[in-house]
Structure formats: C-alpha cells, structure tokens
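*Asks:* Quick one, structure for this:
(chains A and B)
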Protein chains: 2
Amino acid sequence: MAILKPLSPFTDAKGKIPFELVRPEIRKVEKQIAEQVDAFDPGVAPYIDYICNTSGKRIRPALAILTGGAVGSITDDNIKIGVILELIHMATLVHDDIIDEATTRRKELTANAKWGNGMAVLLGDALFSHALLLATEFDDISINRKVGKASREVCEGEVIQSQRRFDLTLTKEDYFKVISMKTGALFAAATGISANLSGADEATEKALYDYGMKLGTAYQIYDDCVDLVGSEDAIGKTLGTDLEKGKLTLPMLTLLENATDEQRKKLNKRIIEQQALDFEVLVGIADYAGAIESALDTAAEMLVEARDGLKCLTESKYSTGLIDITHYLDDLINKCRK
Amino acid sequence: MAILKPLSPFTDAKGKIPFELVRPEIRKVEKQIAEQVDAFDPGVAPYIDYICNTSGKRIRPALAILTGGAVGSITDDNIKIGVILELIHMATLVHDDIIDEATTRRKELTANAKWGNGMAVLLGDALFSHALLLATEFDDISINRKVGKASREVCEGEVIQSQRRFDLTLTKEDYFKVISMKTGALFAAATGISANLSGADEATEKALYDYGMKLGTAYQIYDDCVDLVGSEDAIGKTLGTDLEKGKLTLPMLTLLENATDEQRKKLNKRIIEQQALDFEVLVGIADYAGAIESALDTAAEMLVEARDGLKCLTESKYSTGLIDITHYLDDLINKCRK
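*Replies:* Next comes the predicted model:
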C-alpha cells in the first residue's frame, strides 16, 4: 500500500504524516485556527497566535476529516471538531512543557521558556476554555458532552501518570489505562465524534472511536519507545527523559517483569531511590533490547486491530487514508527496531 | 438592615459571609461538590477532594441560589450552576497559587505546596474540564455557552493581568477591564445564568448579571485595597503582595495619577526597575492614604449601583439577601478605612 506524500507544514521531526489526501481541508483547519486567534482579546491574541503556530501536528483534525469522508461526506462540522480537539491538544502541550521544563518544541521556544511558567499556565487555560466554548457552537449538546468527556479523560490521565512516577507497583494494565486516557481519548474523540457528525450509525461510530483509541494508544507506545532508543528522524531529540522523570513506560515494565530476582532488585533500588536510570545501567541489567522489541510488537498488534475494526467501512480513498495512517505508523515502528 | 448570621463553614479569614438564609441549599452545594469528587477516577479523586475541602468560599453558589429565590423559586438547577461555577473558581485558585507561589490557603497547604507545581497544573486542568463537562448536563446549549464564555473571560483577564505587570501605561480603564474579567465574570455568571434558569425574562436576567458584575468588581477593588492596608480579620495575611508582583491596582493607579511630576518620576523608576515597592516608600512619596480612600469610594459607589439595579425585583427575603450582601461588603469597606 502506497504511503501518501507528506504535507510539509504538518510534519514533525519524528517523521512525515500522510495527510496529502486532505490537504485542502487541513488548509481550512489552519484558517479556522487563525480565526480563533482573533476571537481572543487583543491583549491575549498574539500569545495564542504564537502557540498555534508552533505546536500541534494537526493529526487529530486530519483524523476527523478522513473519518468524515470515510463514513459520509466531509462537512464544516468535521473541520470544526478537528479544530476544537487540536486547540485542546495544544493547551495540554503548553501545560506539559511547563511540567517537563521543556524549552523548545518543533525548534521554537515553548511558551514557558518565552514568557515564564505563570503566563504559560494561564495561556493553556485560555486556549482550553476557548476550545470548550467553541464546542458549544454545535447545537447538539451530545457533541459537547463527548468533547467534555474526552477533555476530562486527558487531564485525568495526566494526573495519574504524574502521580505514579517512580511507582514500582505500576502494572501494565495501569500503563495502558494511562496512555488510553492521555493520548487515546483525543484520537478516539476525533474519529468517533466526527463519524457521529457525518451521520454514522451507532455501530460505525463505535468502530471509528475504537480505531482512534487503538491508533492513539499504539502511537503513544511507539513514542515511549522512541524516548528510549531514538528514531532515524528524531535528530537532536533528548533521549531517556521519561526514565529521568520516573515515567515507567511499557519497555521498562516488561524489563521489570522479565528480570531475574537479582536484576529486579537492582532496578527497583534505582527506581525507588529516584536515581538516574540510563541505558548503560539498563542494558547491563537485563534484556533491554528484548523489552523494546516486545513493546513495539504490542503497538504493531494494536495497529492490526485498528485496521481490522475498519472493515465495516465501504472502501473509499478516505477509508484507505485511515488504513494508510496505521501502515505509516507501522513503518515508523519498524525503523525503530533497527 | 440586619446582616444575616454567618454560616461558619463558609466563612474565611477576611470576614463572615451572610449566607445563613440559604444554609440548606449551601449544604446541597457541599453535597454535590462531594459527589463530583466521586465522578473522578479513583486515582485522581483524593486530590480533588482535598482541593474542594480547602478552597472556595461558596460565594458564587450562594449568589446563584439567592438569585433563584429572588426571581422565581430555588431549584436543583440553581444549585447545579452554583456547583459548576465554584468548581471553575477552585480550578483558577489552584493555578493562581502556582503563579503566586502561595504555600497556604485558608490555613491549609496549597496543592502546589503539597504536590508540586506540575501536579497542581494538572489538577487545576482536571477540575476545570470536569466543571465544563458537568455544564453539559443542562440540556439547553445556551447555558453551556454562557458558562464557556465566563470561563474564557476569567482566563483572559488573568492573562492580561499577568502580561501588564510592572506596566506603567496601564490605565484605570485597563484595570477595570481586567478585574471585570477575572472576578466580575464568574459573579455575573452566577447571578445572570441562575436568573435565566429560574425563568427570568431577558431584562431581569440582564439586571441580575449587572448586579453580579458590579458586586464582583467592587469585591475585587476591596480585595486589592486589603492587600495594601490589611483588614481587621486578615490576621497573618501577607500584605503588599500585589506591589511585589508588579500588579498595579486602583490605589496605585490613583497615586500615580495624583502625584506631582517629581513624585511620579520616583514611583515610575521603582516600578520600571521592578524594585520592591513598600509602604514606607509609598507613604513618603505621595498621598497614599488618599489613594486608598478614593479606591474604597469607587467600590462603595459600585455597590450603590448594584443595589439600584435590583429595584426591578419583587421584594422577598431572597432579594433582600442579595441587597444584604452589598451592605455586608460596605461594612468591610468601611472597616478598611479605619
């Protein structure tokens, strides 16, 4: 299956996203995001403008648009839900950058680096509240409920993740729950709500929701692996930041699970004492490469499930586009195995 | 006019709030807030519980309830909108405490002091998103729009305030705009939306909205004066924190306005250089006491307007309760003149 050509403004250092198919619609998304900036008070708008131009890869809008095409036709509603979810995503990035003390994102200074943590907290709040206000433009209250539910899930997922840093009792089940909340929820909202807006029946909406959830979860697992081993495209990316912050991601959990008692004792000691865990330590202690492989396998299996779930759709260039995205992520995963 | 007896759990160090009249309904508010805590993931709920029990004076719910009684009858909808706005208010307090590096609130540790800034950012987000999700339980989308609009206004007001710290070009008009956004908007939402929910006609809804806006603005002016001179009840409150943070509040703006060229030069120099401004400096430079008096006069005038705006209401114990609150604030203002 041919991977669609990348659309340069919506790619990132981690690789190209195959959104060529929906280029005109993504242009509309960009236009609407720019219009949202103007809806803010003139004292606030320039800050929001900067954030909108330096964060967010428009993956969620692209999913919303492809879904619209795949289940019916692409309307302004698919664009709008994409914009709303992207604004929510951007708000979480602004707050994540504060927490991670990140100074750059996509080679630009983060809001916290530019204007301080306090201002970044407030700007994230302003973006977030605007997104939820924009959602009230849908007359159907059930759309609002779904947007609200997804937002709360993202926030709760982040809280639980933060709470369980350096926590040895974290299970794989806990990990999957956290990533399904913090990443899966907005992907699933993009595809699920968009299907609903394009008139999908309940079963189709659920299939699209599940597709988004699986894609988002697989993407997060991949991203967590990239943090440990790097990727071909992630030039200059700092590796091992999750370990440093005590985030126990899937490869680490597998490592702990498969370790001998002696190995586990060593790992646990370092985690509990919040000592730096680095590659040398890990590679020396247990089957590190195997743990990464196993996590990547899990992500790849999820992508198979994501694809299988789309069998209910009539074949079209848009349903093919949704499948292409899973293959695209498969490719990234395979490059990570190198 | 008799000031209603205070309801002890809903008072604060700054004074007693006359909510005795709506004690049973405020109990329902507390019960519903406790129920909201249970709606969070078990991993998140204990944090939210702590925040709900240590912040927020329930002023906004009390206003929503009194308004319901004053324009029609008190229903579950008035309670619910009060709960929603209180949750939004609490979310802003959690984020404000991060920005102000505050370690205690109502004698309890703040979320940032207890669990760090990162966690506090996320908990504020979780509370905020939950409040907006709860608002979608109203079937009328226009209620959601009003809640969303008020939330965005609060966030934008905070951004502008933060942006214009140490800014000598700030006018009184700018100041009034900021405080009407950051404080007035939620008070006005409490009275305006609640009036709408209790079946008020458009003119009455507007009158109640305006009352809330004026009360909230007057309250903020009073609070800004307390920061400079203290109050009888504010034992242990740190004074002058606004000055330290470069927040130019009404008394400071009046001081600058009335100063001689020589005095203004000295004040400007200190502000621009972000030097600490303390009472000694201020008192030595210009008519400091006069500037405070003048700000308190402005607040008192707003309360007169707030009362006048309620003349459209049929007299009842609830409409009297709304008027009592303005007199109560008048009393606090007069104590501040001491």
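
*Asks:* Who are the contact partners of A:K149?
*Replies:* B:L133 (Cβ atoms under 8 Å, 6 or more residues apart in numbering or on different chains). Every residue, glycine included, has its C-beta placed from N, CA and C.

*Asks:* one more time with 10 Å
*Replies:* By Cβ atoms under 10 Å, 6 or more residues apart in numbering or on different chains, A:K149 lies in contact with A:185, A:189, B:129-130, B:133, B:136.

*Asks:* Give the residue spans of chain A that score low on pLDDT.
*Replies:* Applying pLDDT under 70 to chain A flags the ranges A:1-18, A:231-239, A:276-281, A:283-286, A:338.

*Asks:* Distance of A:D77 relative to A:T92?
*Replies:* Distance, A:D77 to A:T92, using Cβ to Cβ, to the nearest Å: 23 Å.

*Asks:* One more: A:C225?
*Replies:* If you go by Cβ to Cβ, the gap between A:C225 and A:T92 works out to 21 Å.

*Asks:* repeat for A:K266
*Replies:* 35 Å.

*Asks:* who's more crowded, these two?
*Replies:* A:T92 (24 against 15; other Cβ atoms under 10 Å in any protein chain shown).

*Asks:* element containing that one, please.
*Replies:* helix A:76-99 (DSSP states H and E).

*Asks:* For that helix, which residues meet the burial criterion?
*Replies:* In terms of neighbour count (16 or more other Cβ atoms under 10 Å in any protein chain shown), helix A:76-99 has its buried residues at A:77-99.

*Asks:* Tell me where the stretch 51-200 of chain A has strands.
*Replies:* Counting by DSSP state E, counting those that start in this stretch, the stretch 51-200 of chain A has strands at residues A:104-105, A:108-109.

*Asks:* Export the ones you listed to JSON lines and append columns for distance to chain B.
*Replies:* Converted to JSON lines, the strands of the stretch 51-200 of chain A look like this (distance: least, Cβ to the nearest Cβ, whole Å):
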{"stretch": "strand A:104-105", "distance to chain B": "16"}
{"stretch": "strand A:108-109", "distance to chain B": "17"}
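
*Asks:* For A:E202, which of the ones you listed is the nearest?
*Replies:* strand A:104-105 (38.1 Å; Cβ to Cβ).

*Asks:* Give me the helices and strands touching that closest one, please.
*Replies:* The contact analysis (3 or more Cβ pairs under 10 Å, 6 or more residues apart in numbering or on different chains; DSSP states H and E) places strand A:104-105 against helix A:45-54, helix A:76-99, helix A:111-135.

*Asks:* Of these, which is nearest A:E35?
*Replies:* Proximity to A:E35, assessed across those by Cβ to Cβ, is greatest for helix A:76-99 (9.0 Å).

*Asks:* quick one: is that closest one near chain B?
*Replies:* Yes: against chain B, helix A:76-99 shows contacts by Cβ under 10 Å from any Cβ of the partner chain at A:88, A:91-92, A:94-96, A:98-99.

*Asks:* what does stretch A:132-139 give?
*Replies:* Yes: contact of stretch A:132-139 with chain B (Cβ under 10 Å from any Cβ) involves A:132-139.

*Asks:* from the residues of helix A:76-99 next to chain B, which single one is nearest chain B?
*Replies:* Closest to chain B out of those is A:I99 (3.8 Å), distances taken as Cβ to the nearest Cβ.

*Asks:* That closest one contacts B:L122, doesn't it?
*Replies:* Yes: with contact defined as Cβ atoms under 10 Å, A:I99 counts as touching B:L122 (7.3 Å).

*Asks:* can you list residues touching both of those two?
*Replies:* Joint contacts of A:I99 and B:L122 (Cβ under 10 Å, 6+ apart) are A:158, A:161-162.

*Asks:* Neighbour count and distance to chain B for the residues you listed - can I get that in TSV?
*Replies:* TSV is the format used below for these (neighbours: other Cβ atoms under 10 Å in any protein chain shown; distance: Cβ to the nearest Cβ, whole Å):
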residue	neighbour count	distance to chain B
A:E158	25	5
A:Q161	24	9
A:S162	20	5
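
*Asks:* Look up how far chain B lies from the residue nearest the centre of chain A.
*Replies:* Closest residue to the average C-alpha location of chain A: A:T183 at 4.5 Å, with Cα atoms, centre = their mean. Relative to chain B, A:T183 is positioned 15 Å away (Cβ to the nearest Cβ, to the nearest Å).

*Asks:* what's the answer for A:T103, then?
*Replies:* Applying Cβ to the nearest Cβ, the value for A:T103 to chain B is 16 Å.

*Asks:* which residues does that residue contact?
*Replies:* A:97, A:109-110, A:112-114.

*Asks:* change it to 7 Å
*Replies:* Residues near A:T103 by Cβ atoms under 7 Å, 6 or more residues apart in numbering or on different chains: A:109-110, A:113.

*Asks:* do A:C312 as well
*Replies:* Neighbouring residues of A:C312 by Cβ under 7 Å, 6+ apart: A:204, A:207.

*Asks:* And it, how far from A:V94?
*Replies:* Taking Cβ to Cβ, one finds A:C312 at 37 Å from A:V94.

*Asks:* what does A:I179 give?
*Replies:* 20 Å.

*Asks:* what does A:E205 give?
*Replies:* Going from A:E205 to A:V94 by Cβ to Cβ gives 30 Å.

*Asks:* Could you do A:A62 as well?
*Replies:* A:A62 sits 21 Å away from A:V94, going by Cβ to Cβ.
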